[in-house]
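K.L.:
sharing a model prediction with you, sequence too.
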Amino acid sequence: MNQRLVEIGVGLFVVAGLAALLVLALQVSGLAELRQGAGYHVTAKFENVGSLREQAPVSMAGVRIGRVEAIELDPTSHRATVRMRIKARYDSIPADSTAAIYTAGLLGEQYVGIQPGWENEHLGDGDRVTDTQSAMVLERLLGQFLTNIQE
Amino acid sequence: MTAVEQGEPLAAVRGLHFRRGGRSIFDGVDMTIRRGQVTAIMGPSGSGKTTLLRLLGGQLHPHGGTVEVMGQEVPALGRRALYRLRQQMGILFQSGALFTHLSVFENVAFPVREHTDLPEALLETLVLLKLEAVGLRGARDLMPSELSGGMARRVAMARAIALDPVLVMYDEPFAGQDPITMGVLVDLIRRLNDILGLSSVVVSHDVHETLAIADHVYLLADGALIAEGSPAELQASADPSVRQFLDARPDGPVPFHYPAPELAEDLAGRRRP
Amino acid sequence: MTELLRRVGARTLEGLRGVGEAVLLVARILRAAPVVALRPRLLIEQLYAVGVQSMVIILVSALFIGMVLGLQGYYTLSDFGAIEAVGTMVALSLVRELGPVVTALLFAGRAGSSLTAEVGLMKATEQLSSMEMMAVDPERRILAPRFFAALLAVPLLTAVFSVIGILGGYLVTVGMIGIDGGPFWSNMQNAVTIRGDILNGVIKSVAFGFLAGWIALHKGYMAEPTSSGVSRATTLGVVHASLAVLGLDFLLTALMFE
């Protein structure tokens, strides 16, 4: 076997393998979307985020406008701080909008939905959405339902 | 080369004991291999001739006695020292043991590439010279599978002498070859030994060919040395064991039968349920 | 009864000896890493043999497995009205499990068996022995480049397998059945994470490459130097490597995905 052909073959193989890894990272896990467009950060505090995960979509009127970047527990208030990155072109979200955690379908993934408010001020980088509604936790709903019946 | 240098011991085995699977292969063997000579080690199959080569090369360790090559005690050597010593030894295995995935040229070039940093042009010259010495320069591009048995052994010879070793060992170089090839190999071993100033050890059971080229012969049987001397001395020997081997008699002091209980006893025993 | 006990004991000891021998062998091979690094040509030759020559079987298998996944996913998920999740299902199955595992199994069958046979034959024909007598250490010259080639090739083959598999799923569900391509990708991108899924898949594939190369070479190197010994070693090599891959996969999955 010609040494040159062997080297070309191995070169192709390694490049194909690395390219495949890149595709997995960018196209399959959707890192690419995160990278493109600078966007800005908005935080919101929730009583309970349920099973919301990092990378979950943030949508408004059913249109995806960003992603959840980080979920952390605020050590003082014991509430969950959710940091979201909103795409740069959606820069006119009213400052008094509310954020809620919904479930896609009956058993689907959880996502953050934003309901627009009425103010003329817009959310900017580092701003906080103050009005939030937690994820619905089935046990808690059932519990409330039962106590309501007993009363 | 002066006569004194000629006879100087190069390797020596003293009181060698070696066992395999409970069977004693060597039971107190003494042997000396002298510089510049062709030393033949002969004996029937199974007398441990190949084992002896592996002991000299440090691939096996003796259970007793000493194995000394070029002033070094082989079994006591560390890996590094052993590998340095082996660079001065060439060995030709019975099968030739050519690397099947490399061409004839690359086979001979292999030890040179592994141990030196010669520029390609010099390496080519060296390899072609070695191939010329065994008369196979024209076969340089063939693969081992395209060679006849005799050619494969000659290539292996070229490979064994590629690094200009001090000691070359041949394991059954004539086994299974046609008479013409045997003649070629006999001639080659002697010529390479004399022209390149090597010392050779030939392990063989081919009486005629081996006696033709050896300076000194050791005859092994049943783990012990039964005779030694020059080919002429051996030929003149009246010892029945020596005669049996040299004259190719089927039975004699070296028994035709593998050790077993008496036949009648064995057959009777088998009839028992 | 004592005879039975003795036989079980002997078997156990023999098994332990084999494990110890294999561990010592791989330790010596790992220590030869600098030797291989100094001679990249040896590694390139082996990457060609175990990597490039495994590409066709990997590509074809990946395409079909991806297509089957897409089809099955579609049938199952359409009952729940969750066809949009088919991309997620295909991608997660491939990236987390099928990519690393099936690639490793195919590798053990295609490249591992040929490694075992090659090394076993080199041993049987005294090539390794004569190499040793030429003061060349076969563990460094023959085993080490092959081991590191396997270690590198399996993760690369796995990545190719996963991507082609996802493409196969896409072809069937979006191309042939005609579901919408948008949610196929977007749901997949929402669900698949870099650290949780893709990185863990890569870690698995590296571990499997290690295992497949190690077992194949050990079986060949320790094969009985006869033709029947080599053929037995080749069979055992594939069987043991496959079982080891599946067993390790369970362990890793349990550790990684809680």
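P.N.:
Alright, I've got the coordinates.

K.L.:
ok, the closest residue to chain A within chain B - how many residues close by?
P.N.:
In chain B, no residue comes nearer to chain A than B:His101, which is 9.9 Å away by Cβ to the nearest Cβ. (Glycine included, C-beta is placed from N, CA and C.) Applying other Cβ atoms under 10 Å in any protein chain shown, we find 15 other residues in the vicinity of B:His101.

K.L.:
helix/strand/coil for A:Ile71?
P.N.:
Under DSSP: H, G, I helix; E, B strand; the rest coil, A:Ile71 falls in the strand class.

K.L.:
can you tell me the element the residue positioned nearest the centre of chain A falls in?
P.N.:
Taking Cα atoms, centre = their mean, the centroid of chain A lies closest to A:Val68, which sits 2.5 Å from it. According to DSSP states H and E, A:Val68 maps onto strand A:63-73.

K.L.:
if I look at C:Arg41, how far off is C:Tyr48?
P.N.:
11 Å (Cβ to Cβ, to the nearest Å).

K.L.:
between the two, who's got more neighbours?
P.N.:
Neighbours per residue, other Cβ under 10 Å: of C:Arg41 and C:Tyr48, the larger number sits with C:Tyr48, 21 against 11.

K.L.:
compute the inter-axis angle for the worst-scoring helix or strand of chain C on mean pLDDT and strand A:63-73.
P.N.:
When each helix and strand of chain C is scored by mean pLDDT, DSSP states H and E, helix C:181-191 comes last, with a mean of 80. Here helix C:181-191 runs at an angle of 10 degrees relative to strand A:63-73 (axes from the mean of the first three to the mean of the last three Cα atoms, to 10 degrees).

K.L.:
how about the helix or strand following helix C:181-191: buried residues?
P.N.:
With elements assigned by DSSP H and E, the helix or strand that comes after helix C:181-191 is helix C:200-221. Under the neighbour-count criterion of 16 or more other Cβ atoms under 10 Å in any protein chain shown, helix C:200-221 has C:200-202, C:204-221 buried.

K.L.:
swap in stretch B:148-167?
P.N.:
Buried residues in stretch B:148-167, counting neighbours by 16+ other Cβ under 10 Å, are found at B:150-163, B:165-167.

K.L.:
near chain C, from these?
P.N.:
Residues of these in contact with chain C (Cβ under 8 Å from any Cβ of the partner chain): B:156, B:159, B:163.

K.L.:
and C:Ala22, how far is that from chain A?
P.N.:
28 Å (Cβ to the nearest Cβ, to the nearest Å).

K.L.:
hmm, C:His218 and that residue touching each other?
P.N.:
Yes. With contact defined as Cβ atoms under 8 Å, C:Ala22 counts as touching C:His218 (4.6 Å).

K.L.:
quick one: what helix or strand has the closest residue to A:Glu72 other than its chain neighbours in it?
P.N.:
Once flanking residues are discounted, A:Glu72 sits nearest to A:Thr81: 5.0 Å by Cβ to Cβ, 6 or more residues apart in numbering or on different chains. Using DSSP H and E, A:Thr81 maps to strand A:80-86.

K.L.:
what are the pairing partners of that strand, and which direction each?
P.N.:
Next to strand A:80-86 in the sheet, as set by DSSP bridges, lie strand A:40-46 (antiparallel), strand A:63-73 (antiparallel).

K.L.:
now the last one: average pLDDT?
P.N.:
Put plainly, it is strand A:63-73. Averaging pLDDT along strand A:63-73 gives 85.

K.L.:
run a quick neighbour tally on the nearest residue to C:Val174 once chain neighbours are set aside.
P.N.:
The shortest distance from C:Val174 to any residue other than its chain neighbours is 4.5 Å, reached at C:Gly181 (Cβ to Cβ, 6+ apart). C:Gly181 has 13 neighbouring residues, counting by other Cβ under 10 Å.

K.L.:
do you know how far C:Gly181 is from chain A?
P.N.:
Taken as Cβ to the nearest Cβ, the span from C:Gly181 to chain A is 12 Å.
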